Structure formats: structure tokens, C-alpha cells
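1. mind looking at a prediction? Sequence and model below.
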Amino acid sequence: MSELLKYQSCPYCDRIVEDNEANWTEDEEEVTCDSCRKAYRVRAEYTFEGFEVTRLCGSCDSELLDDEGTETNVCEDREA
Ligand SMILES: [Zn+2]
Ligand SMILES: [Zn+2]
């Protein structure tokens, strides 16, 4: 696939597909255009920006963050 589009649109007649019918996954989908009845293939391309990892409390599964949003090793939800 060459140029990336902001909307899923037919490469023959440029008909734009509604957002709720567009293929937002990275798996290729074969689509027949509602307007010109020609087939085309579409998939979404995502740029990998990295992993976000957060510590979790082993006993209650809450995120281990203090009031400033900094990671800690101590669960603040734990009953005193
Ligand atoms: Zn079309
Ligand atoms: Zn906890």
C-alpha cells in the first residue's frame, strides 16, 4: 500500500466509507464499493510508539502510583 488516507475511501470512485463501516484493524479486508461495485483491499496502518507499562499491586490489581502519579512499590489502597 502506498499513500495513507485519513478516511477509508474507494480507490476507483473515491466514495468515502462511513467510520463505523471502515476497517480499523491491521488485517487486510476485501471490500466491494457500495457505489461502483469494484473490489479493493484495505487495512489500517498504525505507527508503533512504544510500550507503556504500569506497576500493579499483587493483591488488589490497582495501579501503584502515588498522589503525583509517580510509580511506587507500596499500595495505597491497602487497608491500614
Ligand atoms: Zn467505488
Ligand atoms: Zn493493593
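-> Arrived safely. Ligands and ions are numbered 1, 2, ... in the order given.
2. show me how this protein divides into domains.
-> Domain assignment of the chain by automatic domain parsing yields the ranges 1-47, 50-80.
3. and the first one, how far from the chain's centre?
-> Centroid displacement of domain 1-47 relative to its chain, using C-alpha atoms, centre = their mean, to the nearest Å, is 16 Å.
4. got a list of contacts for stretch 40-57?
-> Stretch 40-57 is contacted from outside by 1, 4, 8, 10-12, 22-31, 33, 62-65, 71-73, 75, 77-78, using C-beta atoms under 8 Å, 6 or more residues apart in numbering. Where C-beta positions appear, they are placed from N, C-alpha and C, glycine not excepted.
5. give me the buried positions along it.
-> Going by neighbour count (16 or more other C-beta atoms under 10 Å), the buried part of stretch 40-57 is 42, 57.
6. what does the average pLDDT come to for it?
-> For stretch 40-57, mean pLDDT is 93.
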